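Peer 1: sequence plus the predicted model coming up.
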Amino acid sequence: MAVEIPFRREFSFEYGRLEPVTSMIRRIVARNPSPFTFRGTGTYVVGYGGVAVIDPGPDLPEHIDALLASLCAERITHILITHTHRDHSPAAQAVKEATGAPTYGFGRHAGGKRGDPAVEEGGDWDFVPDRTLRDGDRIAGNGWQLEAVHTPGHTSNHLCFAMPESGVLFSGDHVMGWSTSVVAPPDGDMAAYMASLDKLLARRDSIYWPTHGPAITEPQAHVRAFIAHRREREAGILDCLRMRIGRTDGIVDRLYVGLQPGLHRAAGRSVHAHLIDLVDRGIVESDGPPTVDARYRLVES
Ligand SMILES: [Zn+2]
C-alpha cells in the first residue's frame with residue numbers, strides 16, 4: 001500500500017479510573033478490548049460539577065459503577081451518544097436511571113434488522129434518545145457547550161461532538177487514531193463516509209478525541225490520509241475487476257495481505273461498501289442485486 005496512515009497507538013490509561021486529559025475533559029476506559037475497540041471504550045466526561053457524559057459505553061457493570069462512583073460528588077446533566085453500537089450506547093440506560101439525565105443522539109439504530117450477523121460490535125437496537133440532535137444543534141451545560149456534527153458512514157446515525165471555542169472534536173468511531181473505521185453495509189455507507197471525511201476537512205478543529213484510543217493531534221493530515229487510503233482501496237478493487245476477480249472474497253484475498261483471520265469478514269464488508277458505491281456511481285454492475293455474495297464487473301463503456 002502506498003498510502004501511509006499516521007496511526008497513533010500509544011495509549012496510557014488505567015481501566016476504571018476517571019482521568020483528566022485536558023482542563024475540561026476527563027476519560028474513563030471500559031475493560032472491553034477487542035479487534036474493533038482497541039483497548040476498550042473511552043467514555044468522556046465534559047466539564048466539572050454539572051457534566052456531560054459522551055458514550056457511556058457497553059453494558060458492563062464494572063464500567064458503569066466506576067463512572068458513577070467517580071462522579072458521585074458531581075451531577076451528570078447530559079448523556080450524549082455518538083452512535084448506536086453496543087460498545088457505545090447500552091450503558092446510557094443505567095446512567096440515566098441512576099442520575100435522571102436525559103439522553104441525546106441522532107436516533108435509533110438503523111439499517112439491517114435485529115439479529116443480523118454483525119461484523120463488529122453490533123447494533124444497540126434498544127437505545128432511543130430522549131432528545132434527538134441534528135447537524136449543528138448545540139447543547140449548553142455548566143461552563144461547556146457542544147455542537148452536534150452529523151457524520152454518517154460508519155453508521156447512518158453517527159454524530160461527532162465539537163466544543164466550538166476550544167478546537168476539540170469528539171470524533172466517535174468516525175475518525176480514530178489506532179485504526180480505520182469499519183464501514184459495513186447495510187447501515188454503513190461508503191459514499192456517506194467519504195462525504196463525512198470531507199466535512200471534517202472543511203472544519204478547523206485542532207484535536208480529535210475518538211472513543212477508542214489516543215487523541216489525534218494533527219487531524220487534517222490524518223483525515224487526508226484516510227481519504228487517500230479509501231481512494232487507493234477503490235483503485236485496487238477496480239484493478240481486481242479488470243482482472244475478472246469479481247467476488248468479494250477474491251478481492252479481499254488479493255488486497256488485504258497479512259490480514260488477521262478474525263478481520264476477514266469486516267474486510268469483506270468494507271469491500272462490499274466500495275462495490276455498492278461503485279454500482280451507485282454507474283462504474284460497476286452486479287449479477288442480480290448488489291449483495292455481498294454477488295459477482296461484480298466493470299460497466300462496459
Ligand atoms: Zn461503532
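Peer 2: Everything's here; your move.
Peer 1: now residue 44, what's its secondary structure?
Peer 2: strand (DSSP: H, G, I helix; E, B strand; the rest coil).
Peer 1: and the residue at minimal distance from the centre of the chain, how close does it get to the ion?
Peer 2: In the chain, the residue lying closest to the centroid (CA atoms, centre = their mean) is residue 173, at 1.8 Å. According to CB to the ion, to the nearest Å, residue 173 stands 4 Å off from the ion. For every residue, glycine as well, the C-beta is placed using N, CA and C.
Peer 1: how about residue 280?
Peer 2: Taken as CB to the ion, the span from residue 280 to the ion is 23 Å.
Peer 1: tell me the contacts of that residue?
Peer 2: Neighbouring residues of residue 280 by CB atoms under 8 Å, 6 or more residues apart in numbering: residue 191.
Peer 1: before we move on, what about residue 94?
Peer 2: 56, 59, 64.
Peer 1: part of a helix, is it?
Peer 2: Yes. Counting by three-state DSSP, one finds residue 94 located in a helix.
Peer 1: in stretch 167-186, what counts as buried?
Peer 2: 168-179, 181-185 (16 or more other CB atoms under 10 Å).
Peer 1: ditto for stretch 187-200
Peer 2: 187-194, 196-197, 199-200.
Peer 1: which residues of the stretch 1-150 of the chain score low on pLDDT?
Peer 2: Along the stretch 1-150 of the chain, segments meeting pLDDT under 70 span 1, 113, 115-121.
Peer 1: among the contacts of residue 94, which are in helices?
Peer 2: residue 64 (DSSP state H).
Peer 1: top of the contacts of residue 94 by neighbour count?
Peer 2: residue 56 (32 neighbours; other CB atoms under 10 Å).
Peer 1: now residue 217: how far from residue 251?
Peer 2: 34 Å (CB to CB, to the nearest Å).
Peer 1: compare these two (neighbour count), which wins?
Peer 2: residue 251 (25 against 12).
Peer 1: for that one, grab phi and psi.
Peer 2: phi -70, psi -40 (degrees, to the nearest 10).
Peer 1: would you map the strands across this protein?
Peer 2: Assigned by DSSP state E, the strands in the chain fall at 19-20, 25-29, 42-46, 50-54, 75-80, 103-105, 131-132, 138-140, 145-150, 159-163, 168-172, 207-210, 284-286, 296-298.
Peer 1: of all those strands, which one is nearest residue 232?
Peer 2: Closest to residue 232 of the strands of the chain, according to CB to CB: strand 284-286, at 16.9 Å.
Peer 1: report the buried residues of that closest one.
Peer 2: Counting neighbours by 16+ other CB under 10 Å, strand 284-286 gives 284, 286 as buried.
Peer 1: distance from the chain centre to that strand, please.
Peer 2: The chain centre lies 28 Å from the centre of strand 284-286; the measure is CA atoms, centre = their mean, to the nearest Å.
Peer 1: what pairs with that strand, parallel or antiparallel?
Peer 2: With DSSP bridges as the test, strand 284-286 is paired with strand 296-298 (antiparallel).
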